[in-house]
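*Asks:* Predicted model follows, preceded by the sequence.
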Amino acid sequence: MGLFSWLSTMAPSAAEIRAEVWKLGVRHHGQALEGALRELSDSPPPGRVALLRACVHQLRRA
């Protein structure tokens with residue numbers, strides 16, 4: 001297994017990102033982007049970091 005194939009397995013799917021953005025909005029009273037950034041500053045586990053970063057990327061594109 002190469003490095004790039006290993007990294008691609010860590011990338012969250014589009015469905016996971018959409019679901020997490022919705023959950024962030026609920027947890028942070030409609031402020032999903034600010035909530036994701038706040039949760040990233042709490043030093044979550046690596047898998048959660050990847051998901052939160054993907055959410056931040058998605059929210060900043062919108």
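*Replies:* All right, it came through fine. Numbers count the residues shown, from 1 in each chain.
*Asks:* nearest residue to His17 other than its sequence neighbours?
*Replies:* Just so we're on the same page, residue 17 is Ile rather than His. Nearest non-adjacent residue to Ile17, counting by Cβ to Cβ, 6 or more residues apart in numbering: Ala54, 5.0 Å away. C-beta coordinates here come from the backbone N, C-alpha and C atoms, glycine included.
*Asks:* same question, Arg53
*Replies:* Arg53 sits nearest to Leu40 (Cβ to Cβ, 6+ apart), 7.1 Å away.
*Asks:* Tell me who's in contact with the one you found.
*Replies:* Going by Cβ atoms under 8 Å, 6 or more residues apart in numbering, Leu40 touches Val49, Leu52, Arg53, Val56.
*Asks:* Grab the nearest non-local neighbour of the first one.
*Replies:* Leaving aside its sequence neighbours, Val49 sits nearest to Leu40 (Cβ to Cβ, 6+ apart; 6.7 Å).
*Asks:* quick one: that neighbour from Ser13, how far?
*Replies:* 19 Å (Cβ to Cβ, to the nearest Å).
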